[in-house]
Structures are given as C-alpha cells and as structure tokens.
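> Have a look at this prediction, sequence included:
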Amino acid sequence: EPEVTQTPSHQVTQMGQEVILRCVPISNHLYFYWYRQILGQKVEFLVSFYNNEISEKSEIFDDQFSVERPDGSNFTLKIRSTKLEDSAMYFCASSVGSGEVTEAFFGQGTRLTVV
Amino acid sequence: RKEVEQDPGPFNVPEGATVAFNCTYSNSASQSFFWYRQDCRKEPKLLMSVYSSGNEDGRFTAQLNRASQYISLLIRDSKLSDSATYLCVVNAWGQGEKLIFGQGTELSVKP
C-alpha cells in the first residue's frame, strides 16, 4: 500500500540552527501539506502546496518557515532559525485532489526537539 | 468558539460496549468531514469520511447533521484495539486546502 514517508524520524537541534524535514508524498497525489502537533495538543495546519506553490498557510507559518519541492518526489519543510517552541511532531500529508476529495494520508512524522 | 470541538475524554469502556463520540464545527462553509484515529505518538490515520446520508463501515457508523453542524461516530462492540484518540476533522472546501482538527477524544477499552 502506498504511503507517505518522512525522514528523519527524530531530529535534535540547537536553538537558532536551521533544520530541513523531508517527505516523500504518495506518487499520484497532487496536494501536499505540513502539520505539526505539540505534545499534548491538537494537530495544527501549517501549509498546503499545489502546483509548485503554496496554496494556503496558517499564521504559524511565518518567515522562518519555507517549503520546497526540489524534484519530482521530495517535499521539504525548512525552519531557518529554530526556537524552543518549534519542538513538536511534524507531519507531512498528501491527497489526490481538493474539494470533495480531500482524504489526506499522513506520514509517520518527524519529532523535532530544539534544545 | 473553537473551529472544531469534541467531547472531552477520556472514555473508559469495557470490551463489547458501544461508545459514541460527538463533534461540532463552527464554519458553516465546511464541506468535507472525517474521523481519524491517532495512536499514542503516531500519525493520524483516516478512519472514515463522513457523508450527509450517514455511512457505516463494519462496527463504525458516522453521522453528519449540517443544520446543527454536528458530526458523530458510533463504535459498536468495542475491542481492545479500538483504544486510541479519535479526531474529528473538517475541511472548508473552497476556503483553502487545509484540514481543521479537533482536540481529539481518548478512548480506552478495558478487558
């Protein structure tokens, strides 16, 4: 069964450092997403990406964040200068389409710990 | 008012019990509705989409009431393996491509 894969599964970084989280969405999916979940809290939307551009972003997704699809398979989330409060589980997701067909499938997540 | 609000948990039930989860959403433009389940420290996994006519998948039944902006999930004959957090999820089609998650309701099924 096709699945969304994320690497690394766990990343520890020092405050102020840049991190790149990587994702390989399901191959025939067109919409890609990043969500995050701070421990004990709900899953929060960060950004959606379609046709090589951001289609929507939340207020969390400030100038420190960027996304990129550098080739035909990878989808990355970069945090330029990490803060302690960026510590969370980051989930990548993808879906075939939008509108009525928005069943999104999630990767296993990258646990980011900023120290 | 929260965008998606769920019953506070946890729900502790014996095996074989029937349990119901409720969810309300605030955006009347919402078009797509889902229940996901999330095991501890794992990714959300799609349990089922929720259709206006209501839908059933084995022991799971989902209902949608658009007038009341209310979604429900019923689990019959609960199993130990049903223990997880159940997430009510809403997408506002036409207002951006994003899913709005509820806080989740934790279910613990005991032998």
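Received the coordinates, thanks.

> Would you state the strands of the chain in chain order?
Picked chain A for this. Applying DSSP state E to chain A gives strands spanning A:5-7, A:10-13, A:19-24, A:31-37, A:43-50, A:53-57, A:65-68, A:75-79, A:88-95, A:105-106, A:110-114.

> wait, chain B
With DSSP E, the ranges of strands along chain B come out as B:4-6, B:11-14, B:19-25, B:32-38, B:44-50, B:55-57, B:60-65, B:70-75, B:84-91, B:99-101, B:105-110.

> Could you identify which of those strands is most buried?
strand B:84-91 (a mean of 25; mean count of other C-beta atoms under 10 Å in any protein chain shown). From N, CA and C alone the C-beta is placed, and that goes for glycine too.

> which helices and strands does that strand pack with?
Under the contact criterion of 3 or more C-beta pairs under 8 Å, 6 or more residues apart in numbering or on different chains; DSSP states H and E, the helices and strands touching strand B:84-91 comprise strand B:4-6, strand B:19-25, strand B:32-38, strand B:44-50, strand B:70-75, strand B:99-101, strand B:105-110.

> what residues does chain B put near chain A?
Along chain B, the residues adjacent to chain A under the rule C-beta under 8 Å from any C-beta of the partner chain are B:31-32, B:34, B:38, B:41-46, B:49, B:87, B:91, B:93-94, B:96-104.

> swap the cut-off to 7 Å and go again
The interface of chain B toward chain A, taken as C-beta under 7 Å from any C-beta of the partner chain, is made up of B:31-32, B:34, B:42-44, B:46, B:49, B:87, B:91, B:93, B:96-104.

> Mind checking which residue lies nearest the centre of chain A?
When C-alpha atoms, centre = their mean is applied to chain A, the residue found nearest the centroid is residue A:34 (2.9 Å).

> Apart from its neighbours in sequence, what residue is nearest it?
The shortest distance from residue A:34 to any residue other than its chain neighbours is 4.3 Å, reached at residue A:46 (C-beta to C-beta, 6 or more residues apart in numbering or on different chains).

> Just to check, that neighbour is in contact with residue A:64?
No - the pair residue A:46 and residue A:64 fails to qualify as a contact (C-beta atoms under 7 Å) at a distance of 11.4 Å.

> Compare the two (neighbour count), which wins?
Taking other C-beta atoms under 10 Å in any protein chain shown, residue A:46 and residue A:64 do not tie; residue A:46 has more neighbours (22 against 14).

> who touches that one in this structure?
A:34, A:35, A:36, A:57, A:58, A:60, A:61, A:65 (C-beta atoms under 7 Å, 6 or more residues apart in numbering or on different chains).

> Next, count neighbours for the closest residue to the second one other than its chain neighbours.
In this structure, residue A:35 finds its nearest non-sequential neighbour in residue A:91, 4.6 Å apart by C-beta to C-beta, 6+ apart. As a burial measure, residue A:91 scores 26 neighbours (other C-beta under 10 Å).

> Enumerate every residue touching residue A:91.
For residue A:91, counting by C-beta under 7 Å, 6+ apart, the contacting residues are A:35, A:37, A:106, A:107, A:109, B:43.
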